[in-house]
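Undergrad: Turn this into a structure:
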Amino acid sequence: HPRWTFSGLSPRAGGGASARGGDVDVRRACARAGAVHAGTVRAGAVRASAGEVSGRGTTAPARGGRGEFGFGMARFASASCGGCAVVERDGGACARRAVRARAAAAGASEDDDAKPKKVSNFVMRVASALAMGAIGALIVFAGAWPFALAMAAFNAASCIEFFGMVKEMNKELPYPPPEWAIRLCTLVCGSLPILLHVMHGRMSAILIALVISFTGLTAMLIVNEESHFNEFTSSLFGLFYCGFLPTFWVKLRGMSGVALQQSGTIIPHWPAWLGGPEVWSLGLAATLTTVLCIVSADVGAYAFGKTFGKNKLTVVSPNKTVEGAIGGLLATIGMCVGMFKALGWPGTLLQGAILGTTVFLTSIFGDLLESVMKRNAKMKDSGDLIPGHGGLLDRFDSYMFTGSVTYYFVIAVLGGMRSIFAVRYY
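TA: Next up, the predicted model:
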């Protein structure tokens with residue numbers, strides 16, 4: 001009875017020198033004209049792609065990665081590389097048997113064609129950005145309850161992402177708040193925009209709600225848990241960062257009582273099917289201007305950074321450059337001055353340039369702050385809610401501080417601390 005030796009066999013299960021009752025893994029073992037590909041030996045049979053090696057009553061002792069099969073016959077066809085299986089007789093005599101696996105190759109080709117093609121990250125980012133832009137424009141122009149509810153959802157989702165990063169900051173924050181505290185903070189942050197709208201824009205209601213919430217949270221942490229100081233600090237910052245600051249966008253959108261200039265602007269020509277000139281208010285102009293300034297900052301920084309970027313801006317975010325920051329600043333100032341002129345802001349173009357500078361600085365500050373959090377948490381993205389962009393905080397980190405800054409700019413600079421005009425809420 002002839003005995004055959006097959007290259008590339010190694011015992012995987014069953015132990016010892018024999019594979020009887022166990023498995024022998026056939027690894028990619030190339031020898032001259034071909035290769036033996038992945039398969040297993042079960043009770044004397046090697047099953048491989050598009051073929052098998054079989055034998056009756058065989059054993060597979062392991063000799064330096066080689067298995068011997070007696071009392072049998074060999075059949076094998078390599079499917080994945082179109083090569084051959086190397087079969088050696090005991091005593092060193094070598095015989096090569098090459099079998100073209102045309103049917104198997106055709107099947108592999110069909111499998112490749114059946115695999116779904118992945119959408120590129122760039123296409124996904126563009127599609128997500130367009131969808132967010134369209135939905136965001138509808139919400140911003142609608143204002144009132146749609147805007148307040150959208151901000152409530154944003155606050156809650158961003159709070160979840162924030163505490164998700166806190167949990168991963170094992171070195172800086174080894175004791176994150178317990179789950180019940182995180183859920184309470186999420187509930188509070190999500191309710192603030194609704195509370196502000198119900199209270200007709202009175203910020204005193206928001207401050208009272210925050211003080212009561214944090215005081216109650218502190219008492220519950222002290223009583224019910226083994227207290228750690230960073231539980232309190234991370235909870236307080238979460239309420240401020242994901243609740244108090246974003247809620248200013250509701251306050252900003254609701255600003256009214258001050259007429260925008262009509263002559264030389266786009267307002268008199270605004271089409272009726274988009275609401276007509278009556279849809280415009282100081283709050284809509286301020287919100288739209290701030291959003292477009294942030295977008296301009298991102299686009300300008302990216303374009304200038306890719307073209308001229310050489311000097312790193314900060315170690316916190318290695319991809320940001322000084323040249324990119326300058327480009328973002330110039331783009332933001334240009335957009336803000338243009339919006340001041342186009343929408344008839346109650347201010348000068350110089351004030352528009354100052355607002356543009358302020359928006360840029362606060363937007364990049366928000367961006368860098370989130371970069372610090374992700375770096376400490378060793379996370380690439382804060383979440384995966386937005387395809388191609390990551391989480392909400394990855395996309396809207398620049399918006400966290402800008403709403404409050406723009407609101408107080410209007411009150412302090414344009415309104416002269418309300419001495420020139422009094423801003424109302426809707």
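Undergrad: how many neighbours does residue 311 have?
TA: By other Cβ atoms under 10 Å, 10 other residues sit near residue 311. To be clear about C-beta, it is placed using only N, CA and C from the backbone, and glycine gets the same treatment.
Undergrad: ok, for it, nearest residue in space, not its chain neighbours?
TA: residue 322 (4.3 Å; Cβ to Cβ, 6 or more residues apart in numbering).
Undergrad: what helix or strand does the nearest residue to residue 242 once chain neighbours are set aside sit in?
TA: Nearest non-adjacent residue to residue 242, counting by Cβ to Cβ, 6+ apart: residue 159, 4.0 Å away. Element membership of residue 159, judged by DSSP states H and E, is helix 144-168.
Undergrad: helices or strands next to that helix in the packing?
TA: Judged by 3 or more Cβ pairs under 8 Å, 6 or more residues apart in numbering; DSSP states H and E, helix 144-168 is in contact with helix 121-142, helix 179-198, helix 229-239, helix 245-253, helix 349-377, helix 392-396.
Undergrad: got a pLDDT number for the residue nearest to residue 242?
TA: What the model reports as pLDDT for residue 159 is 97.
Undergrad: which residues does it contact?
TA: For residue 159, the contact set (Cβ atoms under 8 Å, 6 or more residues apart in numbering) comprises 182, 185, 186, 189, 190, 238, 242, 243.
Undergrad: try residue 406
TA: Contacts of residue 406 by Cβ under 8 Å, 6+ apart are 252, 286, 289, 290, 355, 358, 359.
Undergrad: My guess is the second one contacts residue 410. True?
TA: Yes. Between residue 286 and residue 410 there is a contact at 6.0 Å, judged by Cβ atoms under 8 Å.
Undergrad: Common neighbours of these two, please.
TA: What both residue 286 and residue 410 touch, as defined by Cβ under 8 Å, 6+ apart, is the set 252, 255.
Undergrad: Which residue, neighbours along the chain excluded, lies closest to residue 362?
TA: residue 401 (4.3 Å).
Undergrad: Next, count neighbours for that neighbour.
TA: Residue neighbour count, defined by other Cβ under 10 Å, stands at 22 for residue 401.
Undergrad: measure it to residue 321 for me?
TA: To residue 321, residue 401 is 22 Å away according to Cβ to Cβ, to the nearest Å.
Undergrad: Show me the helices in the stretch 251-400 of the chain, by range?
TA: Taking DSSP state H, counting those that start in this stretch, the helices of the stretch 251-400 of the chain run over residues 282-308, 322-343, 349-377, 392-396.
Undergrad: Please identify the most buried of the ones you listed.
TA: A comparison of those by mean neighbour count, using mean count of other Cβ atoms under 10 Å, puts helix 392-396 on top with a mean of 23.
Undergrad: Report the backbone C-alpha coordinates of it in CSV.
TA: Taking C-alpha atoms only, helix 392-396 is exported to CSV below (Å, rounded to 0.1, in the frame of the first residue of the first chain):
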residue,chain,number,x,y,z
LEU,A,392,-22.5,64.7,17.3
LEU,A,393,-19.7,66.2,19.2
ASP,A,394,-17.2,65.4,16.4
ARG,A,395,-19.4,67.4,14.0
PHE,A,396,-20.8,70.1,16.3
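Undergrad: Report the angle between the next helix or strand after it and helix 144-168.
TA: Downstream of helix 392-396, the first helix or strand assigned by DSSP H and E is helix 402-409. In terms of direction (axes from the mean of the first three to the mean of the last three Cα atoms, to 10 degrees), helix 402-409 departs from helix 144-168 by 130 degrees.
Undergrad: Please work out the average pLDDT along helix 402-409.
TA: Confidence for helix 402-409, expressed as mean pLDDT, is 95.
Undergrad: Let me know the angle separating the helix holding residue 159 from helix 179-198.
TA: Relative orientation of helix 144-168 versus helix 179-198 (the same axes, to 10 degrees): 160 degrees.
Undergrad: just to revisit the earlier point, wait, which of the helices of the stretch 251-400 of the chain is closest to residue 170?
TA: Comparison of the helices of the stretch 251-400 of the chain against residue 170 by Cβ to Cβ identifies helix 349-377 as nearest, at 8.7 Å.
Undergrad: Below-threshold pLDDT in this structure: ranges please.
TA: Scanning the chain for pLDDT under 70 picks out 1-119, 225, 417-420.
Undergrad: ok so, going back, help me confirm that the residue nearest to residue 362 comes into contact with residue 367.
TA: No. The pair residue 401 / residue 367 is not scored as a contact, 10.0 Å apart, by Cβ under 8 Å.
Undergrad: And the contacts of stretch 251-271?
TA: With contacts defined as Cβ under 8 Å, 6+ apart, stretch 251-271 is touched by 140, 143-144, 147, 196-197, 201, 203, 276-277, 279-287, 290, 341-346, 403, 406-407, 410, 415, 421-426.
Undergrad: try 7 Å
TA: Identification of contacts with stretch 251-271 by Cβ atoms under 7 Å, 6 or more residues apart in numbering yields 143, 147, 196, 201, 203, 276-277, 279-283, 285-287, 342-346, 403, 406-407, 410, 421-426.
Undergrad: that older thread, as JSON lines, the helices and strands packed on helix 144-168 with distance to residue 222 would be great.
TA: Conversion of the helices and strands packed on helix 144-168 to JSON lines gives the following (distance: least, Cβ to Cβ, whole Å):
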{"stretch": "helix 121-142", "distance to residue 222": "40"}
{"stretch": "helix 179-198", "distance to residue 222": "12"}
{"stretch": "helix 229-239", "distance to residue 222": "9"}
{"stretch": "helix 245-253", "distance to residue 222": "26"}
{"stretch": "helix 349-377", "distance to residue 222": "26"}
{"stretch": "helix 392-396", "distance to residue 222": "29"}
